[in-house]
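Visitor: What follows is a predicted protein model with its sequence.
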Amino acid sequence: MAGMFPNVKEEAIQPWLEFVDEITQSGQYVDFQEEPDLETAKAHWYDTLLAGFCQLKAEHGESSAARTLELGLERLCLYPYELEEATVQLGQGASLEKLGQMMRDGFLESETAQFPKLRDVLGLDASAQSPQMNMNF
């Protein structure tokens, strides 16, 4: 993340890592597919969140995607299928309070809860994609 968004404050990334810890501990899984190994489950979340931010950067530009990433500074971490609408809302001047309320009300969710994958976003060969991604920065 830090390499993809060099102007983002490094402390904005840590809350996303904590978010992944929290959701995996509560039994939430990418693509709603149960994964018994906790570290593998975390790796799947890292993959989908990174892929989501790659998509945001490609579609909305680095500045807009970085603003969404920096929501971590406010402890407003989102699921991959909420990132797009949050970025749009931020671009339209939505406040943090409004975004938080939209998240709680389910208004940031896309019509289909999709979990992007790096192999799809970056066009990587699936066999080259390691499930143990390094999220250190």
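Guide: That came through, no problem.

Visitor: Please enumerate the helices of this structure.
Guide: For the chain, the helices defined by DSSP state H cover 14-25, 38-60, 62-69, 80-91, 96-105, 118-121.

Visitor: If you average pLDDT over each of those, which is lowest?
Guide: With a mean of 84, helix 118-121 has the lowest mean pLDDT of the helices of the chain.

Visitor: which helices and strands does that one pack with?
Guide: Contact analysis of helix 118-121 by 3 or more C-beta pairs under 8 Å, 6 or more residues apart in numbering; DSSP states H and E lists helix 38-60 as its packing neighbours. C-beta: built from backbone N, CA, C; applies to glycine.

Visitor: The helix it packs on - contacts with which helices or strands?
Guide: Partner elements for helix 38-60 (3+ C-beta pairs under 8 Å, 6+ apart): helix 14-25, helix 62-69, helix 80-91, helix 118-121.

Visitor: report the angle between the axes of the second one and helix 80-91?
Guide: Here helix 62-69 points in a direction 120 degrees away from that of helix 80-91 (axes from the mean of the first three to the mean of the last three C-alpha atoms, to 10 degrees).

Visitor: Give me the angle between helix 62-69 and helix 96-105.
Guide: Using the same axes, to 10 degrees: helix 62-69 against helix 96-105 is 70 degrees.

Visitor: Give me the most central residue, the protein.
Guide: Taking C-alpha atoms, centre = their mean as the criterion, residue 49 is the residue nearest the geometric centre of the chain, at 3.0 Å.

Visitor: nearest spatial neighbour of it, skipping sequence neighbours?
Guide: Nearest residue to residue 49, sequence neighbours excluded (C-beta to C-beta, 6 or more residues apart in numbering): residue 80, at 5.9 Å.
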